[in-house]
Every structure is written in C-alpha cells, then in structure tokens.
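Chemist: give the three-dimensional model of this entry:
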Amino acid sequence: MSRFLVEGGCRLSGEVAVQGAKNSVLPILAATVLTRSECVLLGCPHLRDVEASIRILRRLGCCAQWEGDALTVDSAGLYRADISDLLMREMRSSAVFLGALLARCGRAEIAYPGGCELGPRPIDLHLSGLRALGAEIREEDGGTLHCTAAGLRGCEVVLGIPSVGATENLMLAACGASGTTTIVNAAREPEIADLQDFLRSCGASVGGAGSSAVTVEGGHPLCGCTYSIMPDRIVAATYLCAAAAAGGDVRLLRAEERHLSTLTAVLREAGCRIDADGASLRLRRSGRLRAVHPVRTAPYPGFPTDAQAVLMAAMLKSEGATVFEENVFENRYRHVDEMTRMGAEVRVSGRVAVVTGVERLHGARVRAADLRGGAALTLAALAAEGRSEIAGLAHIDRGYEDLGRDLRALGAQVVRTEEPEP
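Modeler: Sure, this is the predicted structure:
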C-alpha cells in the first residue's frame with residue numbers, strides 16, 4: 001500500500017514544470033488507431049491511465065514504447081477490435097476507443113468503462129451519436145457492446161449536453177465516415193482543441209474545436225506524425241492551489257492562464273497575487289486567504305469540476321465562508337469527510353458544500369477515494385500542523401506523474417512510502 005507522509009506548515013517556493021495533459025493524451029492515444037502508422041507523442045505523462053491505454057493498444061495489435069517522455073505508437077499491426085472487460089474497467093476514457101475502432105475496422109466489441117466512482121456517467125450520448133452515423137450497437141447481458149458499421153455516414157449530431165467523451169468519440173468516428181459530420185453542442189474544453197490539432201497533423205479535416213460546433217470532413221487518409229501534448233491545466237490548478245493553501249511564492253512552467261482563468265480569478269479574489277507571461281504562471285500568497293463568492297462548477301469555460309476539490313483544500317483556513325456548488329458530478333464531495341478529520345469545517349447538502357474557514361488544521365490519517373479528492377487531501381495536509389498520512393495513492397497516480405516529487409521541488413515535506421498490504 002502506498003502512502004504520502006506529509007509534514008505540514010512549510011511555505012512553498014521554487015518552480016516546477018507542468019506535465020502533459022492526461023485528458024488530452026488519452027483520446028489522442030485512441031486516435032493513433034486511425035493512422036495505420038507511427039505516431040510520436042512528446043511530453044506524454046507517465047500515468048496509470050496512460051499505461052492502461054497502452055495495454056489496450058497492445059491488445060489490439062499496436063506497438064507502443066517509451067523513450068523518456070516521448071511515447072511512440074505504431075498502429076500498423078492492429079488486427080483485432082475487441083477490448084476485454086478487465087481493460088475497460090481500468091478507466092472511463094477507454095470508451096473513446098469505440099469511435100476509433102468503428103472508423104478503422106467497421107466493428108468493435110467492448111465492455112462498459114470504469115474509472116473513479118463520481119456518480120452515474122452513462123455513455124448513452126456516445127452510443128446515440130454513433131448510431132446516428134450509421135453504427136449498429138447491440139448490448140448483451142453483462143454489459144458487452146457489439147458494434148458494427150458497414151459504412152459510417154456523416155450527418156449532424158446534436159448532443160443533449162456538451163459531453164467531452166461523446167464529442168471526442170464522434171470526432172474519431174467521423175474521420176472514418178463518408179461526408180461531413182457536424183457535432184452540435186460539442187464540448188469546448190481545450191483538450192478537444194488539442195485532439196483536433198493532433199488529427200489535423202495526421203491529415204484529417206477537422207474544424208470548430210473550442211466552439212459549440214465541431215465539423216469533420218471524413219474520408220481523408222491519415223498518417224502518423226510527431227505531436228507535443230498540451231500542458232495539464234488541472235495539474236497546474238493543483239499546484240496553484242497548493243501554494244494558496246500553504247502560502248509562498250511558486251512559478252509554474254508550461255502553464256497557460258487562458259485555460260485556467262476561472263480558477264485564477266477566484267484565487268485573486270481570495271487574496272493571491274498571480275502573474276502570467278504566456279509561458280508560465282507565478283503565484284504569491286502571504287496573508288490569510290479570504291472567503292470568495294460562490295464557486296459553481298460547469299462545463300468549460302465554466303469553473304472546472306476537476307479543480308473543485310483542490311480549491312476547497314486551499315480555502316479550508318480562509319476567513320469567512322465559501323459556498324461550492326457541484327453541477328457536473330453527483331458524488332464529488334467524497335474528500336470532505338476526510339478533510340474534517342484534519343479539523344476542517346465543511347457542511348454538505350446535496351450538491352452544495354459550505355466551507356467555513358478555521359484558524360488551524362491538524363495532521364491526520366486519511367484515504368483518497370478518487371483522483372482529485374486525493375490531491376486535495378495532500379494539499380490540505382500541506383496547510384495542516386504536524387504529520388498527515390494519505391493512503392489510496394493509486395487514485396492520485398491516475399492523473400499525476402509524480403505529485404510528491406513536484407511538491408518537494410516546491411519545498412514541501414512529502415515522502416512516499418510503499419508498505420505491504422495487511
């Protein structure tokens with residue numbers, strides 16, 4: 001069992017480079033299936049979810065190998081279109097392979113995906129959109145999906161909500177469809193634009209990413225390319241909130257404020273000074289933070305649900321009360337009970353959590369229940385007095401290449417221990 005041992009009370013200082021984006025590289029890895037050749041992904045983060053995608057690619061017959069932070073994927077040898085239940089359960093993003101396999105092979109057999117337990121996240125929008133493109137999808141007992149497509153045809157697909165996964169899946173499937181596909185009410189996240197840029201680098205005709213309508217002209221043969229993954233805006237948000245929680249002066253390299261403007265606005269309101277120069281972000285915090293106006297999560301460009309927990313950790317010792325309203329996932333306050341073990345005062349009612357700042361937090365033994373909640377507990381431990389132990393690091397490893405290493409680079413006292421299971 002892996003744990004973080006954190007000695008709280010240290011102000012942070014220094015600089016650290018932000019890793020490549022988890023939520024960008026995962027759909028791009030699925031997109032490599034479309035190229036039938038070699039792709040080199042630069043700045044690819046070493047994450048549990050990336051390794052899960054690599055296992056899927058290898059099962060399909062692709063080759064994948066690391067050289068530093070460059071990952072080379074060669075999909076020329078792909079010979080199968082089925083993904084086992086075990087592999088699908090490792091992460092929710094595995095669903096995006098469905099669109100890529102239908103585009104390349106005309107068929108796919110997958111199980112329903114897994115991932116963090118954040119409440120119901122059905123893939124109905126994915127399936128209805130693929131059906132609109134001409135796919136036939138049959139579900140067997142046990143949750144296995146059998147999908148075939150004699151010929152995908154471009155059309156207009158209107159999403160009921162701006163789902164990131166559904167937008168990505170449809171973009172990949174549309175690359176293999178005849179004619180033009182328009183995805184209306186598409187997700188607008190920066191990672192969608194990164195997927196578009198990768199596909200364009202491979203020869204696809206894709207436009208509109210970043211707006212609510214993405215257009216794909218299918219039928220273009222795709223080839224391999226060398227592509228740099230965008231920086232991870234949620235990792236950058238985590239390190240900004242770490243400095244806000246513990247105090248200090250930190251600089252993040254490879255961080256773009258345009259992707260983080262809703263968070264930086266809140267941190268400035270709370271009393272942090274933030275400077276941006278286009279390629280980096282610097283945050284300074286000296287006095288006690290102040291409570292802020294209600295924070296309501298929403299699809300991009302709204303406040304990101306993935307940053308809700310780490311911002312909450314920063315506000316635990318603020319002056320006054322801050323209201324959080326979670327509007328994306330139903331079960332996203334699993335970190336709250338663990339924070340109260342440290343002396344935090346947080347009341348939850350449905351989708352609303354009220355954080356009343358306390359003067360001090362104390363170290364405690366806590367356990368991560370999901371990815372971002374685990375990071376938030378680590379940040380709370382930085383602001384606490386004494387030693388904290390954070391268990392459940394497997395969740396954190398899904399999205400952070402080495403959270404402990406990066407926090408140590410900023411002056412935090414964080415040690416990772418590996419202990420045998422009881």
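
Chemist: contacts, neighbours, all on C-alpha from now
Modeler: Will do.

Chemist: any idea how far the residue lying farthest from the centre of the chain is from A108?
Modeler: Distance to the chain centre peaks in the chain at A150, reaching 33.2 Å (criterion: CA atoms, centre = their mean). A150 sits 12 Å away from A108, going by CA to CA, to the nearest Å.

Chemist: now swap in H362 and tell me
Modeler: Distance of H362 to A108, computed by CA to CA: 51 Å.

Chemist: also G411?
Modeler: Applying CA to CA to G411 and A108 gives a distance of 48 Å.

Chemist: more crowded one of those two?
Modeler: Each of G411 and A108 has its neighbours counted (other CA atoms under 10 Å); A108 has more, 23 against 17.

Chemist: and that one, that's in a helix?
Modeler: No. Applying DSSP: H, G, I helix; E, B strand; the rest coil, one finds A108 to be strand, outside a helix.

Chemist: I'd say it and C147 touch.
Modeler: Yes. In this structure, A108 is within contact of C147 by CA atoms under 8 Å, at 5.1 Å.

Chemist: which neighbours do those two share?
Modeler: Common contact partners of A108 and C147 (CA atoms under 8 Å, 6 or more residues apart in numbering): L102.

Chemist: can you give me the helices in the protein?
Modeler: Using DSSP state H, the helices found in the chain span residues 22-31, 48-60, 85-88, 97-105, 124-132, 164-175, 190-201, 233-246, 261-270, 308-315, 336-340, 371-383, 393-396, 403-409.

Chemist: would you turn the ones you listed into TSV with mean neighbour count?
Modeler: Converted to TSV, the helices of the chain look like this (neighbours: other CA atoms under 10 Å):
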stretch	mean neighbour count
helix 22-31	25
helix 48-60	20
helix 85-88	17
helix 97-105	26
helix 124-132	19
helix 164-175	27
helix 190-201	23
helix 233-246	27
helix 261-270	18
helix 308-315	27
helix 336-340	21
helix 371-383	29
helix 393-396	21
helix 403-409	18
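
Chemist: you'd agree G343 is up against G357?
Modeler: No. G343 lies out of contact with G357 (CA under 8 Å); the separation is 10.1 Å.

Chemist: neighbour count winner among those two?
Modeler: Neighbours were tallied for G343 and for G357 using other CA under 10 Å; the higher tally belongs to G357 (22 against 18).

Chemist: for R138, list each beta-bridge partner.
Modeler: H146 (DSSP bridges).

Chemist: correction: the previous question concerned A64.
Modeler: Under the criterion used (DSSP bridges), A64 bridges to V73.

Chemist: how near is it to A187?
Modeler: Per CA to CA, A64 is found 29 Å from A187.

Chemist: same check, this time on S318
Modeler: Look at S318 and A187: by CA to CA, they are 33 Å apart.

Chemist: which stretches of the chain have low pLDDT?
Modeler: 92, 114-122, 142, 420-422 (pLDDT under 70).

Chemist: mind giving me the domain split of it?
Modeler: Here the domain parsing of the chain from automatic domain parsing is 2-18+231-418, 22-228.

Chemist: for the longest one, the distance to its chain's centre please.
Modeler: The gap between where domain 22-228 is centred and where its chain is centred comes out at 15 Å by CA atoms, centre = their mean, to the nearest Å.

Chemist: again with the first one
Modeler: For domain 2-18+231-418, the gap between its own C-alpha mean and the chain's C-alpha mean amounts to 15 Å (CA atoms, centre = their mean).

Chemist: and that domain, end to end?
Modeler: One end of domain 2-18+231-418 sits 5 Å from the other (CA to CA).

Chemist: with the longest one instead?
Modeler: When the termini of domain 22-228 are compared using CA to CA, they are 13 Å apart.

Chemist: same thing with stretch 262-276?
Modeler: 14 Å.

Chemist: neighbouring contacts of that stretch?
Modeler: Contacts to stretch 262-276, defined as CA under 8 Å, 6+ apart, come from residues 237, 244, 256-257, 281-292, 301-303, 307.

Chemist: are any of the residues you listed buried, and if so which?
Modeler: Among these, the ones that count as buried by 16 or more other CA atoms under 10 Å are 237, 244, 256-257, 281-285, 288-292, 301, 303, 307.

Chemist: excluding covalently adjacent residues, which one is nearest to V348?
Modeler: Sequence neighbours aside, V354 is the residue nearest to V348 in space, at 6.5 Å (criterion: CA to CA, 6 or more residues apart in numbering).

Chemist: any idea what the one you found is bridged to?
Modeler: Bridge pairing for V354 - DSSP bridges - gives V323, R347.

Chemist: tell me how far H46 lies from S24.
Modeler: Using CA to CA, H46 is found at 13 Å from S24.

Chemist: and L311, by the same measure?
Modeler: 22 Å.

Chemist: and for S205?
Modeler: From S205 to S24 the distance is 19 Å (CA to CA).

Chemist: likewise for S93?
Modeler: As for S93, its distance to S24 is 10 Å (criterion: CA to CA).

Chemist: do E257 as well
Modeler: Taken as CA to CA, the span from E257 to S24 is 17 Å.

Chemist: just C225 next, same as before
Modeler: Taking CA to CA as the measure, C225 falls 16 Å from S24.

Chemist: what's the answer for C202, then?
Modeler: Distance of C202 to S24, given as CA to CA: 16 Å.
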